[in-house]
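# Fold the following.
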Amino acid sequence: MAFKNLGLIDRHQMSTRNFQDDFQLRSLVLRERYLKDTQQWEGSETAITQTRPRHGSKLHADQRIPRIAGEIDEFVERSIDMTGRISLTHSIQPVDVKINNDRALIVSYGHITLRFTEQDQEYDMISWGWWIHRAVRLESRQQSWLLTAMRFIYNRGHAQLE
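Model (predicted):
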């Protein structure tokens, strides 16, 4: 196959389950960012955790982003606090999914567009970088996936007076 070195998937070699898992994981990552951008906080939290850890589970969502780090509850709380002071959107593409049994690593590249006011001046800031998400499959939830961690790795940025 001429494209083998590019990492393209031969549709005949990919199982139906892997295809469904790949699609579900891509959708989950994009949905989590969309819900945050549209300030649907309860939905954003659910997209990451799917369910609260129960029965002594040590599973938690870990956020590592500039200025916001910690568990998901803290991330959502800080995001809500920023509402009204800043406006931001995420543009994420492409999304690459690596599945290893019941664990997955999702890597994507994109940018964050952030508008904020400082000393009565509006600024637009764009940051480019990689999002890295980790996920696990939950057997008890009809094989659904749970995002357990997200990290944004800054590549470059630009700010300008609007």
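# Let me see the ranges of the helices in the protein.
16-37, 41-49, 72-82 (DSSP state H).
# any idea of the mean pLDDT for the second one?
Spelled out, it's helix 41-49. Taken as a whole, helix 41-49 has an average pLDDT of 53.
# hey, least reliable of the helices of the chain by pLDDT?
helix 41-49 (a mean of 53).
# OK, contacts around the closest residue to residue 102 other than its chain neighbours?
Residue nearest to residue 102 in three dimensions, not counting chain neighbours: residue 137, with 4.1 Å by C-beta to C-beta, 6 or more residues apart in numbering. Every C-beta, even on glycine, is put in place using the N, C-alpha and C of the backbone. Counting by C-beta atoms under 8 Å, 6 or more residues apart in numbering, residue 137 touches 21, 102-104, 143-146.
# Could you do residue 155 as well?
Contacts of residue 155 by C-beta under 8 Å, 6+ apart are 127-130.
# do residue 104 as well
Contacts of residue 104 by C-beta under 8 Å, 6+ apart are 21, 25, 97-98, 134-137, 145.
# Out of those, which end up buried?
Among the contacts of residue 104, those classed as buried by 16 or more other C-beta atoms under 10 Å are 21, 25, 97, 134-135, 137, 145.
# For the chain, which helix or strand comes out least confident on mean pLDDT?
strand 62-65 (a mean of 44; mean pLDDT, DSSP states H and E).
# that older thread, could you dump the buried ones among the contacts of residue 104 into CSV with distance to residue 112 added?
Converted to CSV, the buried ones among the contacts of residue 104 look like this (distance: C-beta to C-beta, whole Å):
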residue, distance to residue 112
21, 27
25, 21
97, 21
134, 20
135, 21
137, 29
145, 24
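# Need the max-distance pair from the residues you listed.
Between any two of the buried ones among the contacts of residue 104, the greatest separation by C-beta to C-beta is 14.2 Å, found for 21 and 134.
# Skipping its backbone neighbours, what lies nearest residue 157 in space?
Setting aside the residues directly before and after it, residue 157 is nearest to residue 127 in space (C-beta to C-beta, 6+ apart), at 4.2 Å.
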